[in-house]
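*Asks:* only geometry, no sequence info:
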């Protein structure tokens with residue numbers, strides 16, 4: 001049954017915005033008073049959402065929330081409207097449903113008790129703790145935070161006064177009892193209390209944060225009950241899903257206080273698992289709310305391991321348009337720490353820089369494999385292929401395989417091609433029969449010295465001594481270090497940095513991340529840029545680059561160099577890099593031309609290009625005034 005037909009009994013669809021052909025319906029919201037339609041129902045998805053009050057749900061939720069039906073009653077109503085018969089509930093089913101309903105009442109009473117205790121005299125220590133953590137009263141009220149007194153009978157006595165039986169308290173997980181427990185006692189004592197609500201906003205469990213450092217458990221959750229299965233619930237989902245629908249994504253962090261810190265930073269679309277690693281059920285909840293939720297982890301080893309566990313869990317579950325993104329906080333900081341030390345914008349920047357799953361998969365492979373020998377490189381590829389093959393959807397697997405193959409080619413370079421050489425004298429070598437009649441694109445032309453009789457020793461030496469890849473990479477590293485130490489260069493040279501061709505995938509990836517954060521940060525300083533890059537895993541690479549240039553004494557790259565000298569040196573490096581890249585291309589073309597037509601004219605062209613490349617190697621020429629602002633005499637760039 002279309003959701004519009006059920007909701008249409010309670011609202012008047014707006015004819016100007018509604019399109020029944022597309023299953024798109026708009027009306028003034030039935031949950032709050034408004035004059036302009038902001039309530040949307042989608043027949044294709046079977047869901048509704050109000051962009052004003054944030055109410056959202058499916059056809060059953062609407063009947064439960066708007067007409068006060070229980071879920072079984074909603075199912076029964078829809079079945080009747082559709083002309084379908086439902087099996088009748090047995091007396092046992094009815095009793096179980098009644099018992100569950102009464103447990104919701106018990107949990108609500110407990111939540112009200114904890115809230116009152118937080119505001120009472122004996123909640124002073126708890127209020128002080130929350131104040132120290134920067135949690136204002138308004139946020140405490142929004143999350144219904146409370147306090148469990150350091151008293152074994154406080155909650156039990158309060159609920160008993162309301163005629164709640166001990167059996168109900170035990171079933172709700174609020175008290176501890178057993179054959180070896182003479183008197184049942186409160187499970188939560190001397191703790192900040194976080195009510196855990198279901199998708200409909202009903203309290204179903206609690207999490208408690210110990211105030212005493214001597215407590216054996218810093219955080220304690222309710223046990224599993226008829227209302228609560230922790231692997232199927234996300235903290236704050238009832239409040240976050242409306243914002244997630246509007247913003248297009250949902251953020252999952254590690255704990256209760258992390259959710260509160262994110263909310264204080266303006267990220268209200270935030271949830272958390274309940275003290276355990278994400279489960280398949282929780283991932284499915286995330287995906288029902290947003291196609292690409294963001295998992296945000298602490299930037300320490302534990303956070304990285306948690307990210308990798310989530311990656312492994314999600315790989316088999318990927319579908320077209322259904323994936324994850326990952327954000328890592330600076331090492332040693334959780335969201336609350338980052339909010340205190342750097343402010344809300346820093347927290348939001350971490351989230352906005354979240355990376356796709358494919359990037360995390362690739363980076364984990366790079367970090368966990370030694371690629372120093374051909375055998376180890378083969379193992380690296382084999383392990384990546386195995387990871388990709390775990391993806392359940394064939395189309396997604398196909399695209400992952402293509403991207404990984406492209407990255408591997410960039411990392412290792414093109415595979416060696418099978419070459420042919422002449423079996424007879426002279427230059428008129430012919431390709432083997434299988435390649436006969438094919439043009440130059442059909443087989444790999446040999447280098448000049450691979451002919452049976454090279455034209456001359458000079459030609460052989462020239463062709464072998466091609467452009468120095470090592471010097472090109474050195475200049476690329478210098479360009480990167482200049483930008484890291486002097487991010488003000490990005491104000492004028494971002495497009496130039498984006499256009500430079502880098503010779504290694506590692507440096508190219510580093511360059512892309514620098515450009516990405518430059519787009520997010522209006523005034524970027526070196527410390528912020530370094531923290532971002534280290535958080536993305538580039539710390540070891542930066543350290544190697546710095547050590548190299550400290551040894552080479554490239555003074556104009558150092559942080560203390562004057563801005564004018566840095567700009568002069570940067571321009572010169574970029575110009576030389578572009579020149580050598582262009583000459584390298586021309587050299588390849590000249591070698592190919594000489595191989596195909598070994599004439600004196602082609603040899604002359606090759607010699608000229610080689611001479612230009614030799615001159616470019618040491619072309620960091622004297623530039624008038626270079627170094628004066630940094631307190632150095634004029635001289636060549638080393």
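*Replies:* Sure thing, it's come through. Just so it is clear, the model here is predicted, and its values are computed rather than measured.

*Asks:* And stretch 183-203, end to end?
*Replies:* 26 Å (C-alpha to C-alpha, to the nearest Å).

*Asks:* Likewise for stretch 328-335?
*Replies:* 10 Å.

*Asks:* In the protein, which residue is most central in space?
*Replies:* By C-alpha atoms, centre = their mean, the chain has its centre lying nearest to residue 326, at 1.9 Å.

*Asks:* element containing the closest residue in space to it that isn't next to it in sequence, please.
*Replies:* Distances taken as C-beta to C-beta, 6 or more residues apart in numbering place residue 360 nearest to residue 326, at 4.9 Å, with adjacent residues excluded. Where you see a C-beta, it was placed from the backbone N, CA and C, and this is true even at glycine. Assigned by DSSP states H and E, residue 360 belongs to helix 357-367.

*Asks:* Okay, buried residues for the helix or strand that that helix is followed by please.
*Replies:* Counting by DSSP H and E, the element after helix 357-367 in chain order, helix or strand, is helix 374-389. By neighbour count with 16 or more other C-beta atoms under 10 Å, helix 374-389 contains the buried residues 377, 380-381, 384, 387-388.

*Asks:* How far does the helix or strand just after helix 374-389 sit from its chain's centre?
*Replies:* Along the chain past helix 374-389, the next helix or strand (assigned with DSSP H and E) turns out to be helix 394-412. On the basis of C-alpha atoms, centre = their mean, to the nearest Å, helix 394-412 sits 19 Å off its chain's mean C-alpha point.

*Asks:* packing partners for helix 394-412?
*Replies:* Under the contact criterion of 3 or more C-beta pairs under 8 Å, 6 or more residues apart in numbering; DSSP states H and E, helix 394-412 touches helix 357-367, helix 374-389, helix 505-520.

*Asks:* Would you reformat the ones you listed as CSV and include distance to residue 305 and mean pLDDT?
*Replies:* Output for the helices and strands packed on helix 394-412, formatted as CSV (distance: least, C-beta to C-beta, whole Å; pLDDT from 0 to 100):
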stretch, distance to residue 305, mean pLDDT
helix 357-367, 11, 91
helix 374-389, 16, 92
helix 505-520, 22, 80
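
*Asks:* Can you redo those helices as a markdown table, where the extra columns are distance to residue 77?
*Replies:* Shown next, in a markdown table, are those (distance: least, C-beta to C-beta, whole Å):
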| stretch | distance to residue 77 |
| --- | --- |
| helix 357-367 | 41 |
| helix 374-389 | 47 |
| helix 505-520 | 49 |
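
*Asks:* For residue 283, which of these is the nearest?
*Replies:* Closest of the helices and strands packed on helix 394-412 to residue 283 is helix 357-367, at 12.2 Å (criterion: C-beta to C-beta).

*Asks:* Can you list the buried residues in the closest one?
*Replies:* Quick answer for helix 357-367 (16+ other C-beta under 10 Å): 357, 359-366.

*Asks:* sorry, back to before: could you tell me which residues make contact with the residue nearest to the centre of the chain?
*Replies:* By C-beta atoms under 8 Å, 6 or more residues apart in numbering, the residues touching residue 326 are 294-297, 307, 310-311, 354-357, 359-360.

*Asks:* how about 6 Å then?
*Replies:* 295, 307, 354-355, 360 (C-beta atoms under 6 Å, 6 or more residues apart in numbering).

*Asks:* Return the subset of those lying in strands.
*Replies:* Using DSSP state E, 295, 355 are the members of the contacts of residue 326 that sit in strands.

*Asks:* Most neighbours among the contacts of residue 326, please name it.
*Replies:* Among the contacts of residue 326, the one with the most neighbours (other C-beta atoms under 10 Å) is residue 295, at 25 neighbours.

*Asks:* Touching, that one and residue 252? I think so.
*Replies:* Yes - applying C-beta atoms under 6 Å, one finds residue 295 in contact with residue 252, separated by 5.1 Å.

*Asks:* what about the residue lying closest to residue 221 once chain neighbours are set aside, which SS state?
*Replies:* Closest residue in space to residue 221, ignoring its immediate chain neighbours: residue 207 at 5.0 Å, by C-beta to C-beta, 6+ apart. Following DSSP: H, G, I helix; E, B strand; the rest coil, we place residue 207 in the strand state.

*Asks:* if we can go back for a sec, which residues are contacting the helix holding residue 360?
*Replies:* Here helix 357-367 makes contact (C-beta under 6 Å, 6+ apart) with 308, 311, 323-324, 326, 384, 403, 407, 537.

*Asks:* ok now it, how far from the chain's centre?
*Replies:* Centre-to-centre, helix 357-367 and its host chain are 12 Å apart (C-alpha atoms, centre = their mean).

*Asks:* Low-confidence stretches in the stretch 51-200 of the chain?
*Replies:* The model of the stretch 51-200 of the chain has pLDDT under 70 over residues 67-70, 83-101.

*Asks:* what ranges do the helices span in it?
*Replies:* Ranges of helices within the stretch 51-200 of the chain are 59-67, 71-81, 91-119, 124-132, 137-142, 154-161, 166-171, based on DSSP state H, counting those that start in this stretch.

*Asks:* Which positions in the fourth one come out as buried?
*Replies:* This means helix 124-132. So for helix 124-132, counting by 16+ other C-beta under 10 Å, buried means 126-127, 130.

*Asks:* ok, so of those, who is nearest residue 542?
*Replies:* Taking C-beta to C-beta as the measure, residue 542 lies nearest residue 130 of the buried residues of helix 124-132, at 38.8 Å.

*Asks:* The stretch 201-350 of the chain: helices as residue ranges?
*Replies:* Using DSSP H, counting those that start in this stretch, helices in the stretch 201-350 of the chain cover 237-247, 256-264, 280-289, 301-314, 335-342, 344-352.

*Asks:* Mean neighbour count, the ones you listed: which tops it?
*Replies:* Among the helices of the stretch 201-350 of the chain, helix 256-264 has the highest mean neighbour count (mean count of other C-beta atoms under 10 Å), at a mean of 24.

*Asks:* just checking, what packs against that one?
*Replies:* Secondary-structure packing of helix 256-264 (3 or more C-beta pairs under 6 Å, 6 or more residues apart in numbering; DSSP states H and E): helix 335-342.

*Asks:* longest helix anywhere in this protein?
*Replies:* Longest among the helix segments of the chain by residue count, using DSSP state H, is helix 563-596.

*Asks:* low pLDDT regions in the stretch 351-500 of the chain?
*Replies:* 413-471.

*Asks:* How many residues are close by residue 217?
*Replies:* For residue 217, the neighbour count with other C-beta under 10 Å is 11.

*Asks:* re the thing from before, closest one to residue 76 among the helices and strands packed on helix 394-412?
*Replies:* helix 357-367 (41.8 Å).

*Asks:* what angle do the closest one and helix 505-520 make?
*Replies:* Our comparison of helix 357-367 with helix 505-520, counting by axes from the mean of the first three to the mean of the last three C-alpha atoms, to 10 degrees, yields an angle of 140 degrees.

*Asks:* before we move on, the earlier item: can you redo the buried residues of helix 124-132 as TSV with distance to residue 481?
*Replies:* Listed next are the buried residues of helix 124-132 as TSV, based on distance: C-beta to C-beta, whole Å:
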residue	distance to residue 481
126	50
127	50
130	45
